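Chemist: I'll drop the sequence and a predicted model, then ask my questions.
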Amino acid sequence: MKLNDLREKPGAVKARKRVGRGIGSGTGKTGGRGVKGQKSRSGVAINGFEGGQMPIYRRLPKRGFTNIFAKEFNTVSVERVQTAIDAGKLDASAVVTVEALVAAGVIRRAKDGVRLLSNGEITAKVTFDVAGASKAAIEKVEKAGGSVKLPEVASAAE
């Protein structure tokens, strides 16, 4: 086979429809747009218009909002940390921080911090310095002899 022998399979490439090219083409004159009206003109895109029926975005109620100050955390399971320690990528004697997890390749890039989750088991005695952790994850780490240091949260009463 040569490069000049390469062809698409029959029917794989469809010729584009050339509209408005004379009455004999079958798509001449109005070009498949019908007669008159807004939709027959060029540059018209009536987004969400449903022919006079109340559009769905107005029929449905508005709910909730997006918190623009919400923090986005990386989630890491205790099993993932244990796997990295077993592979020799993470030092169990050192404090496990966001920087250490990025360096070990456990997470790709640091967001607003790491939240430790309890999926799997951990056997190594590890000290974590993370932004958040589930109760079950803290229990598992402490059961293995480690500890979890979380940032102090200022109460709303102050």
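Modeler: Cool, got the structure. None of these values were measured; they are calculated from a predicted model.
Chemist: from here on, contacts and neighbour counts on C-alpha atoms
Modeler: Noted.
Chemist: Domains of the protein: list them as residue ranges, please.
Modeler: With domains defined by automatic domain parsing, the chain comprises 18-64, 74-149.
Chemist: can I get the ones you listed in CSV with mean pLDDT, distance to residue 11 and mean neighbour count?
Modeler: Converted to CSV, the domains of the chain look like this (pLDDT from 0 to 100; distance: least, CA to CA, whole Å; neighbours: other CA atoms under 10 Å):
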stretch, mean pLDDT, distance to residue 11, mean neighbour count
domain 18-64, 91, 18, 11
domain 74-149, 93, 44, 17
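Chemist: could the ones you listed go into TSV alongside distance to residue 6?
Modeler: Conversion of the domains of the chain to TSV gives the following (distance: least, CA to CA, whole Å):
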stretch	distance to residue 6
domain 18-64	26
domain 74-149	41
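Chemist: who wins for proximity to residue 12 among the ones you listed?
Modeler: domain 18-64 (18.5 Å; CA to CA).
Chemist: so how far is the first residue of the closest one from its last?
Modeler: For domain 18-64, the first-to-last residue distance is 47 Å (CA to CA, to the nearest Å).
Chemist: measure the residue nearest the centre of the chain to residue 114 for me?
Modeler: By CA atoms, centre = their mean, the mean C-alpha position of the chain lies nearest to residue 72, the distance being 11.7 Å. From residue 72 over to residue 114 the distance is 9 Å, taken as CA to CA.
Chemist: ok so, going back, how close does the residue nearest to the centre of the chain get to residue 80?
Modeler: 19 Å.
Chemist: could you pull out the helices for this protein?
Modeler: Per DSSP state H, the chain carries helices over the ranges 56-59, 78-86, 98-104, 135-143.
Chemist: Dump the ones you listed to TSV, plus distance to residue 47.
Modeler: Below are those laid out as TSV (distance: least, CA to CA, whole Å):
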stretch	distance to residue 47
helix 56-59	11
helix 78-86	46
helix 98-104	44
helix 135-143	47
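Chemist: Quick one: closest of those to residue 3.
Modeler: helix 98-104 (45.8 Å).
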